[in-house]
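**Student:** starting from these lines, generate the structure:
(3 chains)
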Amino acid sequence: MTITNETATNEADKSSKRGQVAMVFDLNKCMGCQTCSIACKVLWTQEQGEEHQWWMTCNTQPGKGTPKDWEQMGGGIIDGQPAKGHQPTRAEFGGGWDFNYEEVFYGGKGRSTHLHPIDKGDKTTEWGMNWDEDQGAGEYPNSYYFYLPRLCNHCTNPVCVTACPSGAMYKRHEDGVVLRDESKCQGARFCMEACPYKKIYFNYVRDVAQHCIMCFPRLEENVAPACARQCPGRLVFVGDPEDKSGPIYKLVNEWKVALPLHPEFGTEPNIFYIPPMSPYSLKEDMSIDYETPRIPPEYLEYLFGPQVHSALGKIQSELKGVREGNSSEILDTLIVYNWLDLFGKYTVDPGTLDRSPEKVAVTLGATRKN
Amino acid sequence: MELKTVGESPLNPSSSVWSEVSKEVIKLKPVPVDAQPNQYIRNAYKDTPYGNVGEVSLSVAEHDNQVFVRLEWDDSNEPNIEFQDAAGVFFPESGSSESPETIGTKSNPVRLWMWKNRTELQSGLSNSTDLISSGPGVFHPVEGSQSVNAEASLSNGKWSVVISGGKNIVEGSRKLGIVVWDGSNNERAGIGAVSSNWIEI
Amino acid sequence: MESVDQYRSKWTWDRTTWGTHCLNCLANCSYRVYTRNGEVLFEEQSGSIDLIEKGVPDLNPLGCQKGSAWSQQLKSEDRVLYPLRRTKERGDGAFERITWDEALDEIATSIVETIDEYGPESIVFEESVEGGLMGQLSFLRFASLIGAITLDAQGLVNDLPIGHHITFGKFACASTVDDTFKSDLLLLWHSNPAYTSIPYHHFITEARYNGARVVTIAPDFNASAVNSDFYFPITPGTDAALALSIAYVLIEEEKFDKSFVLTQTDLPLLIRKDTDRFLRERDVVKGGSEEQFYFMNKDKELVLAPKATLNLGDIVPELSAISSVKLQDGKEVEVETVFDSLRRRVADYSPEMASKICGVSPDSIRTLANMVSTSKTKILEGFNAPKYYHGDLMERAMCLILGLSGNWGKPGTGIQGLALAGLDGYMLFSMKTKKGVEETARLLDGIDMGMDQMRQKEPDATDEMLGNQMLQLSTTKGTSSPPLFFNYYHAGYKDSWNNQSWSDPAMTKPFSAYFDDAIRRGWWGGISRPQSNNPPKLFFAVGTNPIRRARGGRKILIEKLWPKLEKIVAIDIRMSSTALNADIVLPAAMQYERPNVQYPITHTLRVQYSEEAVKPRGESKTEWEIFTLLCERVSKIAKEKGVVEFMDGRRQERRLDNLREQFDLDGAFSNEEAIIDEWIRDSADAGTLPIGSSIETLKSVGGLRFTSLGMFAPGLAVATDVKKDKVMTAFTWHTEKLLPFPTLTRRAQFYIDHQWFIDADEHLPRHKENPSMGGTGDFVLTSGHSRWTVHAVSMGNKDLLGTHRGQPIIVMSVSDAKACGIGDTDEARVFNDHGGFKGVVRVSARVRPKQLIVYNGFEPHAFKDWQGANEVEPGMVKWLHLVGKYGHLRYLPFGWQPVPVDRAIAVSIEKVREEA
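**Tutor:** The predicted structure follows:
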C-alpha cells in the first residue's frame, strides 16, 4: 500500500491497524433505477454549486457515461507512475438544469413556449449524468446493455491524494475513506485530472472540488451508506474486505467472482462488481443461440480485466448447478435472504439514532478537543 | 522600485493616483516543472506548455499602512468557464535566499496575496486570499486573515489588478515576486508564470 | 478531521416521521422522513418490515428513486401554492392569485347554479388515486353528497386486465410480490418491471439465483430483458399467436395437466355445434337452468357440471367428447367439448405457423412450451396488454397456457393482476352515520345478515360472487359511473369510435349501432350516466390530469369537451396540464404535509401511514379541509339562492343546507387523523388488521401487514387466506378449497358463448391483427411507463429530471433512424390521421425496427405546441366490451367496462427540418 503525498498535512494515526471499507455491486441484480443516485443526491448535494454533482451514478454500458467519455480521459497509475489525465469540464458532466416553469405557467405566452431545460449557453443541456440511458449496443435483436453503478472507489492507491498540491486530500486511517479538507482545497483540480474514474466534481460556486464521502458520518454510526441502504435491488454489499467470514472477502478473494472496474487504471479500487450475465443471443433465423454470448466477452474484459471470464463462468456454472438441484453458497449469498446481511457491521437503522443538531455539535466539539 | 506613499487608497486600478507612480515591466517565465509539488503534476505537465503571460507591468504604492501592488498585462484570450485568470504577489521571509520561481519552498515559505477573477456563480466568494505558499500550488490559507483585498478590471484586452495587504508583511525582506495565471490555458496552482527574480522595493 | 464536520452536521435531524408516497404505484413503501427546524431534509426507507417466510427474501428496503426524492418535490417549481384564477383564455398560462374566500365563493356559486339549472349530474369528477385515500375520500364523499357524477378511475386509466376478467371473472390473481421467489419460470410478458416495479424487482433476480429461468417477451430489448435468461422479440400485438402456439405444443405433445384442466377450467364443458353455444340444462330439460352446463362422461352420458364447487367428486368428465345429444324438443344436435373446439383453434398456431405471425422462432416456442410444462410458471404481466385493442385476446391466451399447465393457485404461479384490498375500515367508513365501535358492530352485523340472506337465496354462490353482487347493487345508487357514456356522449370520442378503418374488421356495423344495441338490451341499465341530454358543465380534476392522460389529446378534450364546460376546477399539488388549462386552480397539500394512507394493494399486503412532517407549504390545504370548506360555502350560497332541496339523477333527495354536517358527521371527523384512526380500528374489528390496532399503532411501527383480505369483493376476489408466516399465493381457494370462479360457468372460462363473441370469432382466444388505429403509417407507437415518473407526478422534481434527458424523447431503432436520416437529439415529428407531435429523438439499439416508443409521463406542455404523444391516439374501445348481463360480463366498479386503448398506434415519423 503506497499512498504518497509529498505535501500531505494530515498525518494519520498509525498506532492502530489500517482499515478499509469496501463494496460489492451485483450487476445481475441492478435494474438501473437510480435510487442509489437519488439517495446520494438528496442527502449530500442539494446546495448551490452542487446541482450537477452526482457522487453516485448509474450508467448504461456500453455508453459514454458520466462525464461524457470518461473512460478516455486518462489519469490513474500506469507503470507505477501517476499518469496525465483530463479534467472533466462542466459541459462534459452536463446536467444541473433549470427549467422555464415560470414562463410556461405564468408568462401568458400560451402554446408559443413549452417546458424545457434552460440553455444558458454553457452546453450543459447537451449531456447529463444518464444521457445515454438504455441506448445499448449491438444489433437488434441481439442488442445488449447493462447497468453500472459508480461512486468514488476509495482506492487503496488514491492517485487523487497524490495529485493534490495543497494537501487537502487524505485517506482515512480507520476505514480508508478518501476525503478532502475543503478548507484547504484551492480548487486546483489536479485530483480531477488524476482520478481515472472521473468521480470528482467541481463546485463552481464554492471553488472547491467534491466527491463521494462514502457517507462517513453514517459509517461512524454503523449505518450503511445511503446508496447501499436505499438500493431497492438489494445488490450492494458493504463491509470490511479483510473479514474472512464476510461476503465481500468471499466474493472477491475466495470465490473470485467480484472484480474491480478497469483494474489497469492502477489505483486498486475498493468497489467491486459481479459481472453481468445476459440473455442468450439469437441466430439469424431467430432460434436460440446458446453458444454466442450476447455481451461480447472482450467488452467485459475491457471493463473488468481478464479475470472477468472465470468470474462470469463461475456464476454461470453455479446457476446451472442450482437449476439441476444443487445448492450454491455463492448464489445463496447473492440472493441475500435477509436484507441486513448486505451490510456487515453497518446494520444500524438511522431512524433509531439521536442525531439532533445540538447533540452532534457537542460530539463534534469533544472530538476537536481531543 | 520605490514604494511611494500616496494620498488616497489606490485599490481601484483606474485610480488617478496610479498615474503618479512609476511602472516597471517584469518578465515572467513558467514555474519550473521539476519544482512542481508532486509526481502527478510533474508527469502531467512536463510536456504541457504553460506560463502564458510573459510580462507584467508593475507599480507599487503605499497608503495608510497598506501596500498596493498594481499589475497590468495583456490578455485577449477567450475566458474559460473552468479556470479563471488570477495573479498573486508574494513576499519571502527576510533572509531567504531562494529564488522566487517556486513561490516559496517547504523550508522557506512565502506570503502570497492572491487575486482570482470571480465568475457570476462565485459572487459569494472573496476575490482575494491571504496565503502561505511553500511551493508551486502548495498554498494554505492564513486562518482568519482578512487583510488582503483586490480590485481588477479588464478592458481593451488588458487586465489591471490591484492587490493590497498589510505593510508589515512587506517590511521584513522588502522584496516581492509575481505570479500570473492565464485561466484560458487552465493555469492555476503551480501551473502559471512567475517572476524569476525578486523585485526589491 | 474537523474540516469534514460540515458533513457530519448535515446528517442531523430533530424529528423523524413516517412517510409514504402517492406516486400511483400503491406499493405502500415504509419511509422515514427526516426534518430539522421544520424543514424536510431527506427521507429513507425504514427497512423495518418483518421477515415473512423463512427461506424467502424479505421485502426490505421497499422503495424507489421517486419515493427517495419526494422531499425535494416539496419545493419543486411546478407546485401550486396559492389559489389561482385564469386571467386570459384557457391555456394561455396566465393566472392571478386569489384568496381562498374568493375561490370558494366562485366554485360554490358554480355548484349551486349548475345544480339549479342543469341538475347535479352536470357536475363531473374524475376518480383518482393521486391524493391517496384521504384525497379520494374527500372528493368522492363531497360528490356523493351533491349527487354529482364520478368517473370510474379504471375506465380512465385502463389498468384493467380485461382478458383476466373474461377468463376468471376478475383480475385479482394478485399474489404478494414475494411469491415470485417461489417460481421456476418467470415470464416477463407485457411488462417491464425494471421500470415499473422497482421496489419488488429484486424478487425476480433472486428467484433467478434460486434457479428460476427468467424470460422476457417484448418487442424491444427492454430494461427487464437485461437480467433475463431468454429474450424473445415479438412483433407488437401478436402475443396471442405466441401463447396459442405454446398451447398448441402443450396439447399436441400432451404436456398439459389434465386433472387441473378438468377441475379448474371450462374445457370439459359441452358446446353445441349447431349454435356454438354451451349446451345448457334448459336445452335438454324442460324448465332447466339457463346457467347450468354439462360434462359428458366416458359412457357418453350427460352429467351436470357442479356449480357450487370445482370438486368433481365421482364425476370423471371426458376432455374430448364428440357426440350427439337429444334436446328437450327432440332435436338431435352434435356436441363437443370446449377442448375439442380449442384443439381445432390452436391447430392454426403450430410453432411454424405462429412464428410467421409473431416472429418468435419455432424452436423458441417449443422451448417455452417445454419450460412451461415442467415449471412452476408465473406470468409477470403489467397493465400493458389491455391497452392493446385486442389485449383481451392476448390475455385470454396467456391465461390458457397457465390453465393447461396447471399454473395458478399454487406458490410461484399465476398471472400478476391487481387487488386493492384489506382496508375494510375504509370500505365501512362511507356507510357510517356516526363514529365509534357500536356503529361498526351495527354495520358488520348488517353485512353479515345481508350475506346470510343472499346465501339462502343462492346456496351455490360463493361469498365472492355475493360480494360482487353487493358491489354491483351499490353502483345503481352511488355516484360512480363508467366513463364510457361521458366519453361517448360528451367528451368527443364518438367519431373516432365510429371510424371503421381504425376498428376490427369483424364489426359488421359502426360502433354506434353496437352501442345503441347494448343500451337497448339494457346491458348498462341504471349506470349509463351522464345521459346525452345531460351535458357536463362543471368539471373537477382532483389530482387527476385528463389533458395528459386521455387518449386523443387536445383533439378530443380541448377541442370537443372543453368548450362545453362552464367551469373547470383543478385541485392539485402541482401545475398539471389540466390545471394549466383550468379556470380555477386550488393548491393541495402533499405527502409529508398531511396525514394519509395510500390504497393498499395485495402486492405488499401492507397499509403504511404517512404523517404530517411539516405544515402545508404556501396556502395549500388538504383535500379534506378544502371540501369541508366547500361544504360550508355551498350551504351558505344554496340558502341564499333558495336551492336547498333537490332530487338527484337517481331520484334520491339531497339537501344542500347542512353539507358539512353530513360530510364530517357533525364534526366527528373534523381532521384526517380521526378518520384514519377510525379506518384502522374498524379494519381491526373487521378482522383485516391485528386486534387492537389504531392510529397509535401506525405511529409506532409505521405500517402493518393485513391479517386477512376482508369481507368485500376486491379482497374476496384474491380467493386466498393470509397466513402470518407465509407468502400469499392467490387463488388457493380455487385450487385447494375448490371454490368455483365467479364466471358464467363457475370455471376458468376460455369459451365465451355470447353471440357477439361468436360473431366476432372470439368465442375462443385467437390472434387478431391489431387494427391500424390512427391511419396507415408504417411505424407502431408503443408506449408505457417510464422509469422516471409514474404519470407526470415527478415532472417538477429537478433531481429526478436530472436522471434522464429532462424532456420527452421519441425512442427509435438504429436502422430506422439511419433510413430516415434522423440522428440522436434531432427533432422529429410523429403523425397520423388523428394528429401529431414533435419531440427529440433518442436512437437506441434496444428498439425494434418500425417501433417507436414514447414513454408516458411527460405533460403535453413539455412538447412543442403542447401537443403530446396522446395526439396520435384515437382512444379506440373494443366493441365487444359493451357486452353486459352475460354471466360475469357485466359492469363492476373498477372492473368490466370498455376502456380506450393506446398501444400500437399506426404513425409515421419524419425529421423536422430547420426552418429557413
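
**Student:** just the pLDDT for the nearest residue in space to residue C:175 that is not next to it in sequence.
**Tutor:** Closest residue to residue C:175 apart from its sequence neighbours, by C-beta to C-beta, 6 or more residues apart in numbering or on different chains: residue C:730 at 4.5 Å. Quick note: C-beta positions are derived from backbone N, CA and C, even for glycine. pLDDT recorded at residue C:730 is 98.

**Student:** residue C:730 and residue C:171 touch, don't they?
**Tutor:** No: at 10.6 Å, residue C:730 does not count as touching residue C:171 under the criterion of C-beta atoms under 8 Å.

**Student:** who touches both of the two?
**Tutor:** residue C:417 (C-beta atoms under 8 Å, 6 or more residues apart in numbering or on different chains).

**Student:** can you give me the helices for the stretch 201-350 of chain A?
**Tutor:** A:216-219, A:226-230, A:247-249, A:297-304, A:308-323, A:329-335 (DSSP state H, counting those that start in this stretch).

**Student:** nope, the stretch 401-550 of chain C is what I meant
**Tutor:** C:424-429, C:437-457, C:463-475, C:484-485, C:494-497, C:511-520, C:546-549.

**Student:** how about these, which one is nearest chain A?
**Tutor:** Of all these, helix C:546-549 sits nearest to chain A, with 12.2 Å by C-beta to the nearest C-beta.

**Student:** grab the nearest non-local neighbour of residue 51.
**Tutor:** The chain I'm using is chain A. Nearest non-adjacent residue to residue A:51, counting by C-beta to C-beta, 6+ apart: residue A:96, 3.4 Å away.

**Student:** actually, chain C is the one I wanted.
**Tutor:** If the residues on either side of it in the chain are set aside, residue C:51 comes closest to residue C:58, at 4.5 Å by C-beta to C-beta, 6+ apart.

**Student:** ok, now which ones touch the one you found?
**Tutor:** Residue C:58 sits next to A:337, A:338, A:339, C:49, C:50, C:51, C:52, C:178 when contact means C-beta under 8 Å, 6+ apart.

**Student:** any figure for the gap between it and residue C:209?
**Tutor:** Distance, residue C:58 to residue C:209, by C-beta to C-beta, to the nearest Å: 15 Å.

**Student:** now swap in residue A:135 and tell me
**Tutor:** Applying C-beta to C-beta, the value for residue A:135 to residue C:209 is 28 Å.

**Student:** quick revisit: I'd like the helices of the stretch 401-550 of chain C laid out as CSV, including mean pLDDT, distance to chain B and mean neighbour count.
**Tutor:** Converted to CSV, those look like this (pLDDT from 0 to 100; distance: least, C-beta to the nearest C-beta, whole Å; neighbours: other C-beta atoms under 10 Å in any protein chain shown):
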stretch, mean pLDDT, distance to chain B, mean neighbour count
helix C:424-429, 96, 51, 24
helix C:437-457, 95, 60, 14
helix C:463-475, 91, 60, 19
helix C:484-485, 96, 55, 24
helix C:494-497, 96, 51, 19
helix C:511-520, 98, 60, 16
helix C:546-549, 95, 35, 24
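
**Student:** and those as JSON lines, adding distance to chain A?
**Tutor:** What follows is the helices of the stretch 401-550 of chain C, written out as JSON lines (distance: least, C-beta to the nearest C-beta, whole Å):
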{"stretch": "helix C:424-429", "distance to chain A": "27"}
{"stretch": "helix C:437-457", "distance to chain A": "32"}
{"stretch": "helix C:463-475", "distance to chain A": "33"}
{"stretch": "helix C:484-485", "distance to chain A": "30"}
{"stretch": "helix C:494-497", "distance to chain A": "23"}
{"stretch": "helix C:511-520", "distance to chain A": "32"}
{"stretch": "helix C:546-549", "distance to chain A": "12"}
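
**Student:** thank you kindly, that will do.
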